[in-house]
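Chemist: Got a predicted structure plus its sequence, pasted below:
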Amino acid sequence: MTLELNLSALWPVLAPALAAVLVLVLDVVLPRAHATHLWVAAAGLVGGAVATVPAIGQGRGDSTGAFCLPSGDCLYAVSSLTGGLQLLALASALVVLVLTWSRWRRAARGDRTSAPRVVLVGLFLAATAGVAAVPAARDLGTLLVALELATLPVVGLVALERRAHRHAGAVAGAVALLMTSLVSFALLALGAALWVAATGTALLSPAAAAAAAAVPEQAALLLLAAVFVLAGLGFKLSTVPFHAWTPLTYATAPLPVTTYLAGTSKVAALGGMIVLVQTLAGTSGFALVAVAVLAALTMTLGNAMALRQTDLVHLLAWSAVAQAGWLMLPLASLSSRAVHAAGGYLAVYVVATVLAFVVVTAVAHRPGGGTSLDDHRALARRQPLTAAALGFALLTLAGLPPALIGLVAKVVVLRPVAADGTWWLLVVATLNIALGIAVYVRWLAALIERTAEEQAGAAVVAAAITGSGEPAEQAGSAAYAMPWSHRVLITALAALLLLGSIAPVGIF
Amino acid sequence: MSPALPLLLAALLAGTGTYGVLARRHAVLMLIGVELLLGAAGLLLVTVGQFAPDPLASGAVLTLFVITIAAAEIVVALAVIMAMFRTRGDVDLTGEALSADEAGSTAGGTATGEATPAVEAPTGDAATEPETVAP
Amino acid sequence: MNEVLDLPWPDWEIPRLPLPHLPDIPLPDLPVTPAQVAVLLTVVAAVLGLAVGRRASRPAAWVAVLTSGLVLATTVWQLYVVYELGGVQVSRTVGALAFGELSVPLELVATRLSALVAAVVALVALVVQVFARWYLWYDPRYRQFSATVSLFTAAMLLVVLSGDVVLTLIGWEVMGWCSFLLIGHLSAKDSANRAAVKALLVTRLADVGFVIGLIWLAAGAGSTSIERIIGHWTGVGPDGTATRVPEAAQGALALAMICVVIGVVGKSAQLPFQDWLPDAMEGPTPASALIHAATMVAAGTVVLAQLFPLLQAAGPARLLLAVLVSVTIVLAALLAFAQPDLKRLLAWSTVSQVGLMLAALTVVPSGAGPDVAITHLISHAWFKALLFLTVGWMGVLTGGTVVRYVVSSTKRYRSLRRPMGIGLLALAGVPPMVGFVSKELVLAQAEHGVQDGVGPAGTIVLAAVGASVPLTAAYCMRAWLILDRGPRRAPAPAPRRAQEHQMIDDFFEEPDVVEEAIGIEEAESAISSSARAAVALLGFFSVVGGIVVFTPRLQLDVTINLQLLVAALLLMALAALAVWVVSRGVGSRDAAARLPMRVSLAGERGLGFDRLYRVLVAGPVLSLAHGVQWLDREVLDAYVRAAGPAARLLGAVLERTHPRRPAPGLVLVLGGVLVLGLIGVVLT
């Protein structure tokens, strides 16, 4: 039996993987290079992103396949939606790389505060390769491998935090993530086994699923298999009840790794779910009520908890949980339109969340900065452009004008639900819109607050300590200029959101 | 032979594995529980592959996949458990994930954690991190 | 005795004077019709009047008076055009609106009657604008006043010339609003504000019926064009063929017309909506002259005249109208007698006279048109405006219009004597004034109607009209007696001259003569010449206006019963005599001073209708409003306000149950899988 390889379709996955190998090889060959590994990594990511463009340009329904069997099924197939998700994953990974560019440079000799940075870059690239492979998986083996490839290196990234005061916390976060991912993989494996039992093949083919759904006993098995696979994927998306690790790990991991977890990892999770839903779409009489219940619970819990947080990373963690509910919302109706809606919402969510994390990182890196809500008070006065970008991202997540793209994304996601007529879900979603607005506007209100006397007080203290004769505010701002990487990232992401708000055309 | 026996065994393994995951405090024992679950999955796959033959031999192939991935998983898991032991001194999963001051440093101290503070003297061994200066 | 009464009193046919053959002025083929020009011009005048002259009132005055003159010329032109065309002239406004099944042509229609009324409205508006220029010379808000008057004129012309119920409604509403603005012109006065609000609310309440009625009619006919509505509801097709109107439609027509009648009754200040008109005298006198004498209160008559065939066909509506106006006629005339303020007397008189107009609409025998009512409308416009303007002039001279101030003012200011006299004579209906002509026509038509059998309405109306003749004469006589009271001092003996003959120069030294001359000089120097000319013009029309009856402009199919005519004149004379007798011995010659105090006070307060309005309408509505507000605030808002604390509570509960250790997290994972699996499998 011959397998048609068609490696050219695999470039989005191969490029980061090859880059990972290359980085490790280069580490051996060129031990003194400071930033070569970063440039190689960037090249790999950019190359992979460029390779997704032909796939996106395909028409709806077309797909390019790799590893194709003679019977026509491919083990790896890229449609335009898949290409878009891959591009999203690679681009968000690139953003994270730029964010940690300075941190992941080669350390000076004798610096023992961080693991060998090359290893981090290698892990990062491997995880990204896995994330890129998940949406294109068309059989269970590929899916399992890609998912684990996307999960395990991230555990390593979280745990490899060598600054003394954060090390213990990071390990605790890594343990939480690890335990949850292990159990989830076990569930995934069980689900895969049940799937093979139900359909008789490991290929995720809609025809086989439809045939299995026709027979009542096999339909029950198929349903159970779907539930287990969803449970296996759920932790990555931070849905209830698989969300317990999220606040802990997000808070204890280094901020760029948290950004990766909140952005790129979600693409893998939703990509896997989309693969599952697309396989089951079209099987009549099949209702994944579980998905609807999950979505409703997740949204509500995430928003309710986010309302109580004063630390912004915790807030963003719970916001990620709530948004996971929104991401799952359209999947309750098994249709391809719903799948495209979920993909579109994912794109908007990733861009907005990554932008929020970038701004939080930028503010935390300032001298005297941190990640609590108090550090962001009156940010609009001190750093108006940054605050504006953050405000726009928050409005997008809340779904309020003038961030039209957020509003359109929410509408697009609600449409399949409305079309199906599950009105209880609609009611819950509407309530959660209100809760979500409360969550984000709380942050936004802190941004545009006036706290002049606090400003003056802090400035006086800072002037006394730094001992400079200039006015304290000028001293503060003159001594610290935002790194170019932060500036570029904030501008680029904000521009993307703005462009989307002006012309929210065809999100997938 | 009927598939009932292997399936029963798989169910038994899954049950034991679940018990192991839920009821054990030691991290390594919890890992063993996970392995049992994976074993159940593998057994299930093999059984199914045997009784419903497939031209692609999906059952057997997937079992190999699962075993391989489980191995990779265990490597990472044990490494993390080692790190956990080194930082905390025990591998009790039912203990508080963060101790009190760790929680404090996480919640409020991410402030001082992320930025090199301008007002504190730099810690002894660390040279000033290059990230604080704009590249 | 019987023989006297058996003498054949001839019935007198009204002769027709042929109009002189007007030169055939070639009608220029303009793209605009005079109706469009008239309405448009007044609207432009209103806007322009507000825009020009921020600092001085002269530009606004020029705009107002000039455009009023132009509008008068336009309406005269319209009269000529309609005469030449011999029928109606239809003009478009903004074009037909597309409302699906309902056709809304929005046309202006000028018939011979409406063109005549429009001309009279324009004339009165011009006179009022000229007068107001003098009356409000020092008023800093003159600009707003004149602009509002222009807007009001536009609205009235729209109502008169409209061929579409939508335009009627628009004009009706704008008139109500302008009346509110004009009554409350002296916005610093609390009483003026209250009166304005009262007028607005009372007429608004009645307007509900008006709107419902008109919409019902239009909906039934499938068109808002008045012609089509009439055609539909009376069963006459567009080509003149008569079809039978089904019984259900008859009932619907009656109900719709009752609603319209309610609206008309409100705007025309008839029972039970009559109490706003006397209070509306708080506005400046020119406003009262225009709105509450000549135009707005008569707008109801105009609308009913336009819908006349429908009124004829709806018996119950006619009966309701007849009953209401009959009671009002008598009641208002009685109340007018008891008023201590001259303006309020005139206001109650207006209520009574408007009732006469409306009564004339209810007793028309079949086959005749609403011409008699229009005649009375025109004549009332003339003499009532004359009276109001003269009273305004008098108020400026005497410092007020209460009896105490105006006593013997026509004796003191002789210039006031003629316009006042003419006005009061016309109001009382003394020949040959126009008031006499129109009142006799109403009386004759009522009598004909009863003879021709228009139903119980006819008898009631005849009784009321008959009773109004002596009552009107009574309060006119009372007013005249007060105004023309002679000087109180004993006549001084004429100074003896040295010589026996009196030289002609001595004439100018006699105290009476000197006093009179001073009075005339004061009166004439107080007023501007143009205002005086305007008053004189109205006086002229009050005297000779009766000639219009004899022209073919009005098609009056009545024959005057000479018996009735003489009886009426006799009654008037007797009433006047009675009042004179009663007033003897009263210092101010005020016959109403002989009324007991309680009656007098009750009459002054309008028999307590104000309190009735408050208790019956204002009170319940305000309670309802409070109740709704309470409901919204305490019941509905409570849910909204509870959302915040509820969310916080949920968050607190969830935070308490959040697993912080890895092991419970795993319990959650596996437990969750179990539950989901159960949901999934069980619910399939």
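Modeler: Looks like it came in fine.

Chemist: From here on, just use CA atoms for contacts and neighbour counts.
Modeler: Fine.

Chemist: What is the neighbour count of residue 47?
Modeler: With no chain named, the answer covers chain A. Other residues lying near A:Gly47 total 18 when counted by other C-alpha atoms under 10 Å in any protein chain shown.

Chemist: Wait, chain C was what I had in mind.
Modeler: Neighbour tally, C:Val47, other C-alpha under 10 Å: 16.

Chemist: ditto for C:Ser525
Modeler: 10.

Chemist: What distance do you get for it to C:Arg532?
Modeler: 10 Å (C-alpha to C-alpha, to the nearest Å).

Chemist: and if you look at A:Val13?
Modeler: For A:Val13, the distance to C:Arg532 - C-alpha to C-alpha - is 101 Å.

Chemist: So those two - more neighbours on which side?
Modeler: Between A:Val13 and C:Arg532, A:Val13 has the larger neighbour count (other C-alpha under 10 Å), namely 27 against 21.

Chemist: Model confidence score at the closest residue to chain B within the stretch 201-350 of chain A, please.
Modeler: Per C-alpha to the nearest C-alpha, A:Ala202 is where the stretch 201-350 of chain A lies closest to chain B, at 5.3 Å. At A:Ala202, the model reports a pLDDT of 90.

Chemist: what's the answer for C:Gly95, then?
Modeler: 72.

Chemist: quick one: low-confidence ranges for the chain?
Modeler: As the question left the chain open, I've gone with chain A. Applying pLDDT under 70 to chain A flags the ranges A:1, A:33, A:106-115, A:282, A:284-287, A:451-480, A:505-508.

Chemist: please go with chain C instead
Modeler: Scanning chain C for pLDDT under 70 picks out the ranges C:1-10, C:14-29, C:236-245, C:488-506, C:552-553, C:557-558, C:682-684.

Chemist: Which residue is it, in it, that comes closest to chain A?
Modeler: C:Gly651 (4.6 Å).

Chemist: how near is that residue to A:Ala306?
Modeler: Using C-alpha to C-alpha, one gets 8 Å for the distance from C:Gly651 to A:Ala306.

Chemist: Give me the more crowded residue out of those two.
Modeler: Shown here are C:Gly651 and A:Ala306; by other C-alpha under 10 Å, A:Ala306 has more neighbours (28 against 22).

Chemist: for the more buried one, what are its contacts?
Modeler: A:Ala306 makes contact with A:314-316, A:318-319, A:439, C:651, according to C-alpha atoms under 8 Å, 6 or more residues apart in numbering or on different chains.

Chemist: how about 7 Å then?
Modeler: With contact taken as C-alpha atoms under 7 Å, 6 or more residues apart in numbering or on different chains, A:Ala306 is in contact with A:315, A:318-319, A:439.

Chemist: ditto for C:Leu161
Modeler: For C:Leu161, the contacting residues are C:35, C:108-110, C:114, by C-alpha under 7 Å, 6+ apart.

Chemist: what's next to stretch A:193-206, contact-wise?
Modeler: The contact list for stretch A:193-206 (C-alpha under 7 Å, 6+ apart) reads A:138-140, A:208-209, A:212, A:218, A:221-222, A:225, A:279-280, B:41, B:44-45, B:48, B:52, B:54, B:58-59.

Chemist: Could you give the number of residues near the residue of the stretch 401-550 of chain C found nearest chain B?
Modeler: For the stretch 401-550 of chain C and chain B, the shortest gap (C-alpha to the nearest C-alpha) falls at C:Thr401, measuring 83.8 Å. C:Thr401 is flanked by 21 other residues according to other C-alpha under 10 Å.

Chemist: same deal with A:Trp484?
Modeler: For A:Trp484, the count of nearby residues is 13 (other C-alpha under 10 Å).

Chemist: What of the one 3 residues further on?
Modeler: Using other C-alpha under 10 Å, A:Arg487 has 16 neighbouring residues.

Chemist: Quick check: the gap between it and chain B.
Modeler: Separation of A:Arg487 from chain B (C-alpha to the nearest C-alpha, to the nearest Å): 11 Å.

Chemist: Now the helix or strand harbouring that residue: buried residues?
Modeler: Element membership for A:Arg487 (DSSP states H and E) is helix A:484-502. Going by neighbour count (16 or more other C-alpha atoms under 10 Å in any protein chain shown), the buried part of helix A:484-502 is A:485-487, A:489-490, A:493-494, A:497-498, A:500-501.

Chemist: likewise stretch C:453-469?
Modeler: Taking 16+ other C-alpha under 10 Å as the criterion, stretch C:453-469 shows C:453-454, C:457-462, C:464-469 as buried.

Chemist: residues making contact with that stretch?
Modeler: Residues from elsewhere that reach stretch C:453-469, judged by C-alpha under 7 Å, 6+ apart: C:319, C:322-323, C:326, C:329-330, C:333, C:356, C:359, C:363, C:365, C:443, C:446-447, C:449-450, C:568, C:572.

Chemist: ditto for stretch A:221-233
Modeler: Contacts of stretch A:221-233 (C-alpha under 7 Å, 6+ apart): A:184-185, A:187-188, A:191-192, A:194-195, A:198, A:213, A:269, A:273, C:673, C:676-677, C:680-681.

Chemist: C:Ala51: how many residues sit nearby?
Modeler: The number of residues packed near C:Ala51 is 14, by other C-alpha under 10 Å.

Chemist: Let's check: the centremost residue of the chain is which one?
Modeler: In the absence of a named chain, chain A is used. Closest residue to the average C-alpha location of chain A: A:Gly263 at 2.1 Å, with C-alpha atoms, centre = their mean.

Chemist: Let me rephrase: I mean chain C.
Modeler: Central residue of chain C (C-alpha atoms, centre = their mean): C:Val297, at 1.1 Å.

Chemist: any idea which helix or strand carries that one?
Modeler: Secondary structure assignment for C:Val297, by DSSP H and E: helix C:296-306.

Chemist: could you point out which element follows that helix?
Modeler: Per DSSP H and E, helix C:296-306 leads on to helix C:308-313 as the next helix or strand towards the C-terminus.

Chemist: is it true that the residue of the stretch 401-550 of chain C closest to chain B touches C:Pro340?
Modeler: No: using C-alpha atoms under 7 Å, C:Thr401 is not in contact with C:Pro340; the gap is 8.9 Å.

Chemist: So which residues of the chain form strands?
Modeler: I'll assume chain A. Counting by DSSP state E, the segments of chain A that form strands are A:64-68, A:74-78.

Chemist: could you do chain C instead?
Modeler: Going by DSSP E, chain C shows strands at C:11-13, C:89-92, C:97-99, C:102-104, C:107-110, C:559-561.

Chemist: Those strands: which one's closest to chain B?
Modeler: Evaluated over those, closeness to chain B peaks at strand C:97-99, with 65.2 Å, by C-alpha to the nearest C-alpha.

Chemist: Just give me how far the closest one sits from the chain centre.
Modeler: How far strand C:97-99 lies from its chain's middle: 32 Å, per C-alpha atoms, centre = their mean, to the nearest Å.
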